[in-house]
Structures are given as structure tokens and as C-alpha cells.
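J.: 3D model of this:
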Amino acid sequence: MELNDDLINSISGVLVVDKPVGLTSHDVVQIIRRGTFIRRAGHTGTLDPRASGVLVVLLGPAVRLSEYVSASDKRYQAVIQLGKTTDTYDADGQVLTSNPVDNITEAQFEEALQQFVGEIEQVPPPYSAIKIKGRKAYEMARNGEEFDLQPRKINVYSLELLEWAPPEAVIDVYCSSGTYIRSLANDLGKVLGCGAHLVGLRRTKSGRFTLRDAVPLRKLREAFDDGSWYQYVIPAAEALSDWPSIALTEADVDAIRHGHRVSGEAGIGKMARGISEQGDLVALLEFDPASNEWQPKKVFN
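T.: Sure, this is the predicted structure:
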């Protein structure tokens with residue numbers, strides 16, 4: 001189906017892409033902008049060029065959901081190589097140390113792995129986009145400048161060893177947003193005493209979206225060429241489908257769009273999605289226990 005300009009400008013939704021290795025997340029967003037003719041588009045969680053997997057891209061007004069979608073939990077399959085450390089904590093960096101791993105057993109690896117489950121403090125990699133006094137850490141690292149990155153609190157909900165093939169191990173990581181798998185690999189190597197770095201990474205889940213929802217970029221490009229890409233757009237209301245929802249009447253929708261509060265079900269959580277009778281996302285709402293009403297935080301046309 002060919003979309004006219006009015007239809008394109010009215011699109012507000014999600015494209016879930018299976019990002020291939022070799023492209024930056026920004027590269028993928030640019031490809032989507034060119035293919036859809038929608039200038040307002042953005043991803044919700046960077047994947048390094050070496051990494052592949054689930055990349056959630058918001059389109060049109062849905063980009064205003066970014067801060068909430070970006071904060072969603074993530075899941076990865078990571079390939080860790082034991083015995084070597086690098087300055088970037090992954091295979092792109094220069095090797096700093098090299099040690100034998102013959103004495104590391106599967107049981108030792110499993111035991112070390114479980115030390116990182118729970119709420120922990122993690123120091124980001126020096127080659128990261130973290131800003132220090134307005135400058136990106138990786139730019140300072142490339143210039144050979146010395147600096148300290150402060151540890152951050154993250155949550156690692158589970159770590160599972162999927163494959164033990166020394167010097168490599170494949171693990172499943174289920175974690176909070178903001179977790180650096182490269183740092184996890186490096187820290188794991190420290191605990192084991194042999195050093196380690198990340199050699200492969202695939203994101204299998206981002207928020208409520210999994211690889212089942214993801215369209216391979218090659219397939220999406222073909223859809224751009226034949227004009228059928230719209231079939232892959234997921235409605236904006238689904239972007240936060242793990243949030244509770246409140247059914248809004250037409251009167252509620254009108255009130256919210258004028259900035260007014262609405263009464264609604266209490267006890268379902270602090271934040272909720274306001275959904276119209278047509279199934280459209282109208283607003284993100286916050287519950288005010290003092291008035292027993294829902295206050296609109298972000299309203300969508």
C-alpha cells in the first residue's frame with residue numbers, strides 16, 4: 001500500500017529491528033528515516049556496531065516515549081573470552097594482559113558468575129559515551145587522558161551459563177537498563193584472576209519486545225523499496241504494554257487533552273497508559289493519591 005504524506009505524518013508507533021553487526025544504532029535510524037520519510041525517529045538504547053539484535057525505534061510522536069522505553073530492562077546473549085583483557089573491554093581494543101585459562105573450571109566460572117547477580121555497583125568502560133564535564137569518555141580515552149568513572153547502581157536479575165567452551169563461554173544476561181556487558185565481562189575476568197573480554201553480543205529482549213517482534217534490517221529495506229513497510233509498525237500503545245492501562249471514555253480523552261485530571265482505578269501502580277475506546281495511546285498518566293485522580297504527564301494527539 002502506498003502511503004500519502006498525510007498518512008505518513010500521522011504515524012506514531014514502533015519499529016523493532018534486528019540490527020546486524022557492523023552498523024551503529026544511529027546508522028539504522030538514518031536508514032529508517034530515509035525509508036519511511038519520517039524525520040522524527042529515534043532508538044531507545046544504543047547497540048555497539050559489533051553487537052546485533054533487538055533495536056527499538058520510535059516513530060513520529062511516539063519518540064516522546066523514549067525516556068520510558070529506554071529505561072526498560074534488557075536481555076542479552078554474550079560471548080566472553082577468558083584469558084585476555086583489552087583497553088576497551090571487547091575485541092576491538094588492544095590486548096593488555098594474557099593469561100592461561102587451563103585451571104579455570106566450569107564450576108568456578110558458574111560460582112564467579114553468580115557474584116554479579118542482584119543490585120551491584122558497576123564502573124562503565126573507559127571507552128563509553130559517558131560524559132565527564134561535558135566530554136565523552138571514549139574521546140578522552142583515545143587521547144590518552146587519565147580520568148575516573150564513577151560506579152553506578154545496576155540490577156542484574158539473572159545470569160545463566162549457556163555454553164562452556166574454554167577459553168570462551170556464552171551467557172544469558174537479564175539486567176536493568178544502563179548495564180554494560182563489556183564491564184561485566186571485564187569484572188568477571190578479575191574475579192577469576194585470568195582476565196576476560198567481550199567478543200560477541202546479541203540483544204534478545206528490550207522491554208516487552210523480543211527477537212520474535214524484530215524485523216531483520218534486510219527485510220525492512222526490501223519493504224521500503226516496495227512500500228509495504230507500514231505492516232511492521234507496532235502501535236505506540238504497545239510500546240509500554242507491560243504498564244497497566246486505563247480505559248478512557250470520550251469525555252476523559254477530551255479532559256486529558258485540556259490538561260485536566262480524570263478519576264480512575266487506584267491500586268494498579270503509580271504510572272499507567274491512558275487508552276481511548278479506539279485503542280489509541282492518549283496519554284501517560286500518574287496517580288495522585290491525595291486527590292485519587294490520574295494526572296496526565298504526557299499527552300498525545
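J.: Three-state assignment for the spatially most central residue of the chain, please.
T.: For the chain, the residue nearest the mean C-alpha position is Gly45 (3.7 Å; C-alpha atoms, centre = their mean). Counting by DSSP: H, G, I helix; E, B strand; the rest coil, the backbone at Gly45 sits in coil.
J.: where in the protein is pLDDT low?
T.: Scanning the chain for pLDDT under 70 picks out 1-9, 133, 141.
J.: if we can go back for a sec, who are the contact partners of the residue nearest to the centre of the chain?
T.: Taking C-beta atoms under 8 Å, 6 or more residues apart in numbering as the criterion, Gly45 is in contact with 25, 55-56, 70, 72, 74, 177, 206. For the C-beta atoms, the positions are set from N, CA and C on the backbone; glycine is no exception.
J.: ok, 7 Å please
T.: Taking C-beta atoms under 7 Å, 6 or more residues apart in numbering as the criterion, Gly45 is in contact with 56, 70, 74, 177, 206.
J.: Packing partners of the longest strand seen in the chain?
T.: With residue count as the measure and DSSP state E as the assignment, the chain has strand 152-165 as its longest strand. In terms of contacts (3 or more C-beta pairs under 7 Å, 6 or more residues apart in numbering; DSSP states H and E), strand 152-165 is packed against helix 106-114, strand 118-122, strand 168-175.
J.: Of all the ones you listed, which one is nearest Ser12?
T.: strand 168-175 (29.0 Å; C-beta to C-beta).
J.: So what are the sheet partners of the closest one and their directions?
T.: Its sheet considered, strand 168-175 pairs with strand 74-82 (antiparallel), strand 152-165 (antiparallel) by DSSP bridges.
J.: quick one: Ala51 and Gly200 touch, right?
T.: No - between Ala51 and Gly200 no contact is recorded; they are 8.2 Å apart, counting by C-beta atoms under 7 Å.
J.: quick one, which of those two is more surrounded?
T.: Neighbours were tallied for Ala51 and for Gly200 using other C-beta atoms under 10 Å; the higher tally belongs to Ala51 (22 against 17).
J.: What's the separation between that one and Thr204?
T.: Per C-beta to C-beta, to the nearest Å, Ala51 is found 11 Å from Thr204.
J.: what residues does the longest strand of the chain touch?
T.: Identification of contacts with strand 152-165 by C-beta under 7 Å, 6+ apart yields 77, 106, 109-110, 113-114, 116-122, 124, 169-176, 178-179.
J.: repeat for stretch 168-178
T.: By C-beta under 7 Å, 6+ apart, the surrounding residues in contact with stretch 168-178 are 45, 70-82, 109, 113, 152, 154-163, 181, 184, 199.
J.: From those, list the buried ones, please.
T.: Under a neighbour-count criterion of 16 or more other C-beta atoms under 10 Å, the subset of those counted as buried comprises 45, 70, 72-82, 109, 113, 154, 156, 159, 181, 184, 199.
J.: got the strands paired with strand 168-175 as CSV, with distance to Gly279 columns?
T.: Below are these laid out as CSV (distance: least, C-beta to C-beta, whole Å):
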stretch, distance to Gly279
strand 74-82, 27
strand 152-165, 31
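J.: right, so of those strands, which gets closest to Lys219?
T.: Lys219 lies closest to strand 74-82 among those, at 21.2 Å (C-beta to C-beta).
J.: Quick one: distance of the helix or strand just after the closest one to the chain centre.
T.: Once strand 74-82 ends, the next helix or strand along the chain (criterion: DSSP states H and E) is strand 84-86. In terms of C-alpha atoms, centre = their mean, to the nearest Å, the centre of strand 84-86 is set 26 Å apart from its chain centre.
J.: Measure how far the following helix or strand past strand 84-86 is from the centre of its chain, please.
T.: Toward the C-terminus, strand 84-86 is succeeded by strand 95-98 as the next helix or strand (DSSP H and E). On the basis of C-alpha atoms, centre = their mean, strand 95-98 is displaced by 30 Å from the centre of the chain it belongs to.
J.: Sheet partners, orientation included, of strand 95-98?
T.: Sheet pairing for strand 95-98, assigned by DSSP bridges, gives strand 84-86 (antiparallel).
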